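Colleague: Got a sequence here, can you build the structure:
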Amino acid sequence: MSTGVDKSSGMMYAPKGKPKPVCDKGEFPIGVIGLDHGHIYGMCNGLLEAGAEVSLVYDPDPAKVAAFQKAFPEAKIARSMEEVLENPKIKLIASAAIPCNRPGIGMRAMDQGKDFFADKPPFTTLAQIDEARKKVAQTGRKYAVYYSERLHVESAVFAGKLIAEGAIGRVVQVLGTGPHRISLSQRPPWFFDKDKYGGILVDIGSHQIEQFLSFTGAKDARVLSSRVANYKFKQYPGLEDFGDATLQADNGATGYFRVDWFTPDGLKSWGDGRTFILGTEGYIELRKYIDVARSPDGDQVFLVDHRGEHHYSVSGQVGFPFFGELIRDCLDRTAKAFDQEMFFKATELAIIAELQALKIE
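Modeller: Okay, here's the model as predicted:
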């Protein structure tokens, strides 16, 4: 069950579920490089619950390493990045380094014969994606991405199952909102440098595009329009606090999403993330993290179909199958957890949306 989650800041969002190992003890040791974003805790929680062993950790900041070891005391401290990359026992490298640095770590991991698991966004430029595509083809390694707003949210996992079962027919539109609390005092300098985080449509917009592709079953899409702005935080000229985009998929489905850094302090969660999925035979609404003014519990799913109105509260009921599937994919060299090109395409479209965005002054 997803309990014990810090809901005050999205930066430290790290759900915990029921342990469900898919491998033997010690069969899947992982290394961690880069602790710049708190998502690394959620990434490691998911893998640990699925049977992985957090074996080695490296970050140049001793304070970050000390905090990480408190959460994962079995992790030994590496003296260098190379010590993790070159360890022959390590099967996968997980990284939540500064976004612009994640691809470089991934390339080195794959060159060492290891699979790679990056926090989102996994890239900040189109050139990095091209390089990763070539490296994956060359090495046969995996470049997984922590698109947590679908993979680590039980209501989103449940919605995917409903869609696969045909509960709402053909999906024709996905609307997503990704509001976040900015928590300025917790943000490092790179958070305000667009060259390092990629822009708001890349950083948190990539979540929304990945969901759009997943729920619609699309292989590709066009960015029809996109906008970004810095409405409130003028003291940080490198920050964008608002963004939105409209897309059309290759299968005819349409999508719209909005992301922002305006979550007010009065909300009991870091963001009122919602998703609306329209099908030809019904629709689904997800209230992911909170049911405003009604309940602090997230993972509320509303389904309307030809039979009636249905409400499901799925926290602790669905689990997070991605992590176990990822481990088995790495061990068995299968591809059940994710579609590699779709994971690349989600961020590619986010970068395109950012590059062509109308800048609202």
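Colleague: which stretches of this protein form helices?
Modeller: In the chain, the segments counted as helices under DSSP state H are 39-49, 62-71, 81-85, 102-111, 126-139, 148-151, 154-164, 194-197, 200-203, 205-216, 321-332, 340-355.
Colleague: can you tell which of those is closest to Arg294?
Modeller: With C-beta to C-beta as the criterion, Arg294 lies closest to helix 154-164 of those, at 15.0 Å. Quick note: C-beta positions are derived from backbone N, CA and C, even for glycine.
Colleague: residues near Thr334, how many?
Modeller: 10 (other C-beta atoms under 10 Å).
Colleague: OK, contacts around it?
Modeller: Shown in contact with Thr334 (C-beta atoms under 8 Å, 6 or more residues apart in numbering): Arg328.
Colleague: ok so, going back, tabulate the helices of the chain (CSV), appending distance to Gly31.
Modeller: Formatted as CSV, the helices of the chain follow (distance: least, C-beta to C-beta, whole Å):
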stretch, distance to Gly31
helix 39-49, 11
helix 62-71, 12
helix 81-85, 4
helix 102-111, 8
helix 126-139, 17
helix 148-151, 20
helix 154-164, 27
helix 194-197, 23
helix 200-203, 25
helix 205-216, 24
helix 321-332, 13
helix 340-355, 21
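Colleague: So His37 sits against Ala96, correct?
Modeller: Yes - here His37 reaches Ala96: they are 4.1 Å apart, a contact under C-beta atoms under 8 Å.
Colleague: Mutual contacts of those two, please.
Modeller: Asp119.
Colleague: Okay, now the unreliable bits of the stretch 1-150 of the chain?
Modeller: For the stretch 1-150 of the chain, the stretches with pLDDT under 70 are 1-13.
Colleague: give me that answer again for 90
Modeller: Scanning the stretch 1-150 of the chain for pLDDT under 90 picks out 1-19.
Colleague: circling back: of the helices of the chain, which is nearest Gly252?
Modeller: Among the helices of the chain, helix 205-216 comes nearest to Gly252, with 8.9 Å by C-beta to C-beta.
Colleague: about what we covered before: nearest approach to Asp24 belongs to which of the helices of the chain?
Modeller: Between the helices of the chain, helix 321-332 lies closest to Asp24; by C-beta to C-beta that is 10.1 Å.
Colleague: May I have the residues that are in contact with Arg287?
Modeller: Going by C-beta under 8 Å, 6+ apart, Arg287 touches 155, 272, 274, 298-302.
Colleague: By neighbour count, sort out the buried ones in those residues.
Modeller: Buried subset of the contacts of Arg287 (neighbour count, 16 or more other C-beta atoms under 10 Å): 155, 272, 274, 298-301.
Colleague: In strands only, show me the residues you listed.
Modeller: Among these, the members found in strands (DSSP state E) are 274, 300-301.
Colleague: so which of those residues comes closest to Pro21?
Modeller: Distance to Pro21, by C-beta to C-beta, is smallest for Val301 among these, at 27.3 Å.
Colleague: Test my guess that that closest one contacts Ser155.
Modeller: Yes - assessed by C-beta under 8 Å, Val301 is found in contact with Ser155 at 5.0 Å.
Colleague: Return every residue with contacts to both of the two.
Modeller: Applying C-beta under 8 Å, 6+ apart, one finds that Val301 and Ser155 are jointly contacted by 286-287, 314.
Colleague: and this structure, what are its domains?
Modeller: The record's domain parsing of the chain by automatic domain parsing lists 10-147+321-338, 150-319+350-360.
Colleague: For those domains, give me CSV that also has distance to Phe344.
Modeller: Below are the domains of the chain laid out as CSV (distance: least, C-beta to C-beta, whole Å):
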stretch, distance to Phe344
domain 10-147+321-338, 6
domain 150-319+350-360, 10
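Colleague: For the residue nearest to Glu285 when sequence neighbours are not counted, list the residues it contacts.
Modeller: Spatially, and ignoring its direct neighbours in sequence, Glu285 is nearest to Phe302 (4.3 Å; C-beta to C-beta, 6 or more residues apart in numbering). Each residue near Phe302 by C-beta under 8 Å, 6+ apart is listed here: 284-287, 309-312.
Colleague: Closest to Ile129 out of these?
Modeller: Leu286 (28.1 Å).
Colleague: my guess is that closest one contacts Glu154, does it?
Modeller: No - look at Leu286 against Glu154 with C-beta under 8 Å: they stay out of range, at 9.9 Å.
Colleague: And the residue nearest to Glu285, how close does it get to Leu286?
Modeller: The spacing between Phe302 and Leu286, counted by C-beta to C-beta, to the nearest Å, is 8 Å.
Colleague: try Gln208
Modeller: 12 Å.
Colleague: Same check on Lys16?
Modeller: For Lys16, the distance to Leu286 equals 20 Å [C-beta to C-beta].
Colleague: quick one: which of those two has more around it?
Modeller: A count of neighbours by other C-beta under 10 Å puts Leu286 above the other of Lys16 and Leu286, at 26 against 17.
Colleague: Could you list everything the more buried one pairs with in the sheet?
Modeller: Residues in a beta bridge with Leu286, per DSSP bridges, are Thr275, Val301.
Colleague: what do you get for Ala221?
Modeller: Counting by DSSP bridges, Ala221 is bridged to Ala249.
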